[in-house]
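Colleague: Sequence and predicted structure below; questions after.
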Amino acid sequence: MNRDNFPHFALATNMSARNHAPTTLILYDVRGQCDQSWLPSIWRIRLILNYKRIPYKTEWISFQDVENTLRELHVPPTSQRSDGRDVYTLPVLWDQGRRKFVSDTNRIAEYLEGISPARPVFPEGSKALQSLFVYFVQEVFSKPLLPIMVPLSHQQLPDPAQNYFRPGQPPANMLTGHQREQQWRAVQAQFDFLDGIISKNDNDGDGVVVMGRDLSYADFAVCAVLLWIKRMAGNDGWARVRTWNNGRWERLLDRCREFMDER
């Protein structure tokens, strides 16, 4: 695929020539049953873009087409498998003005902070601690959710994407009954732990955000997980989570609500 022939490149060029408007950023997102964002890693970036009021638009890609599309666009791989093969994942950001692709959620977050320092999501001196916090959210806090959320998310993908993962079968058995309740208790234990950590700022802050009063990347990492639960497990998962820890998580979601645009 020639990048210059990709439809949004021509569209953006024509619009800029006619209106002298600044070129927008392109955020590549995964298509579900409809054009609605759901992956936590991509929501982190969407929340930052909206918070910083950076113009952008979304380019939707079907799950089964992600690797081929990114290869054809010469996007840098996110990581490598143990056998040396490249791994391509979303989100990916295309900065049209600088003609630069950026992959990996954390790299994109830092890139956006660099090109648009206003309304910082990494307040001065906080990048190291926030990076550690976000690593915890991604690698520890979210892990008990996977046996519940991965099958639910798989069910809500279009059929071609479902078959791409494991032809003819879901990626994991759907937990039911006692096993499901036991897993939700493991999830709640992580929420309780995180609530205890964030609560250390309550006397000096607003009782909602990680840094005390101002939203930051750490809040968007947690909020992205909450959005995943709400969109993929609203009647079961979010109905539980919203009541935990004296409603802290619903208050955080409300605090971030104005930054949930999906343009």
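Modeller: Structure's in. What do you need? Numbers count the residues shown, from 1 in each chain.
Colleague: Mind listing what's buried along stretch 233-243?
Modeller: Neighbour-count burial for stretch 233-243 flags 233, 237, 238, 241, 242 (criterion: 16 or more other Cβ atoms under 10 Å). (C-beta placed from N, C-alpha, C; glycine too.)
Colleague: Oh, that last question was meant for stretch 201-211, not what I typed.
Modeller: 201, 205, 208, 209, 210, 211.
Colleague: Repeat that for stretch 86-97.
Modeller: For stretch 86-97, a neighbour-count test (16+ other Cβ under 10 Å) marks 88, 89, 90, 91, 92, 93, 94, 95, 96 as buried.
Colleague: for the closest residue to residue 225 other than its chain neighbours, what are its contacts?
Modeller: Distances taken as Cβ to Cβ, 6 or more residues apart in numbering put residue 40 closest to residue 225, at 5.1 Å, once the chain neighbours are dropped. Residue 40 sits next to 142, 221, 224, 225, 227, 228 when contact means Cβ atoms under 8 Å, 6 or more residues apart in numbering.
Colleague: same thing but at 7 Å, please
Modeller: Shown in contact with residue 40 (Cβ atoms under 7 Å, 6 or more residues apart in numbering): 224, 225, 228.
Colleague: Of these, which is the most crowded?
Modeller: Within those, most neighbours by other Cβ atoms under 10 Å means residue 224, with 26 neighbours.
Colleague: what's whichever strand or helix holds it packed up against?
Modeller: According to DSSP states H and E, residue 224 maps onto helix 217-232. Packing partners of helix 217-232 (3 or more Cβ pairs under 7 Å, 6 or more residues apart in numbering; DSSP states H and E): helix 40-52, helix 127-136, helix 146-155, helix 248-256.
Colleague: chain center to the second one, what's the gap?
Modeller: Spelled out, it's helix 127-136. Distance of helix 127-136 from its chain centroid, counting by Cα atoms, centre = their mean, to the nearest Å, is 16 Å.
Colleague: Would you mind listing the buried residues in that helix?
Modeller: Using 16+ other Cβ under 10 Å as the test for burial, helix 127-136 gives 127, 130, 131, 133, 134, 136.
Colleague: average model confidence for the helix holding residue 224?
Modeller: The average of the pLDDT scores along helix 217-232 is 96.
Colleague: mind giving me JSON lines with the buried residues of stretch 86-97 and columns for distance to residue 24?
Modeller: JSON lines is the format used below for the buried residues of stretch 86-97 (distance: Cβ to Cβ, whole Å):
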{"residue": "88", "distance to residue 24": "23"}
{"residue": "89", "distance to residue 24": "22"}
{"residue": "90", "distance to residue 24": "18"}
{"residue": "91", "distance to residue 24": "15"}
{"residue": "92", "distance to residue 24": "15"}
{"residue": "93", "distance to residue 24": "11"}
{"residue": "94", "distance to residue 24": "10"}
{"residue": "95", "distance to residue 24": "9"}
{"residue": "96", "distance to residue 24": "7"}
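Colleague: Residue 190: how many residues sit nearby?
Modeller: Residue 190 is flanked by 17 other residues according to other Cβ under 10 Å.
Colleague: so who does it touch?
Modeller: Contact analysis of residue 190 by Cβ under 7 Å, 6+ apart lists 141, 144.
Colleague: Check it and give its pLDDT.
Modeller: pLDDT for residue 190: 98.
Colleague: and it, what helix or strand is that in?
Modeller: helix 177-198.
Colleague: still on that earlier bit, CA atoms only for the helix holding residue 224 - export them in CSV, please.
Modeller: This file holds the C-alpha atoms of helix 217-232, laid out as CSV (Å, rounded to 0.1, in the frame of the first residue of the first chain):
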residue,chain,number,x,y,z
TYR,A,217,-1.7,10.4,32.6
ALA,A,218,-2.2,8.2,35.6
ASP,A,219,-5.9,9.1,35.8
PHE,A,220,-6.4,8.4,32.1
ALA,A,221,-4.8,5.0,32.5
VAL,A,222,-7.3,4.1,35.2
CYS,A,223,-10.2,5.7,33.4
ALA,A,224,-9.4,3.8,30.2
VAL,A,225,-9.9,0.5,32.2
LEU,A,226,-13.2,1.8,33.6
LEU,A,227,-14.4,2.6,30.1
TRP,A,228,-13.5,-0.9,28.9
ILE,A,229,-15.5,-2.4,31.7
LYS,A,230,-18.4,-0.1,31.2
ARG,A,231,-18.6,-0.7,27.4
MET,A,232,-18.0,-4.4,27.4
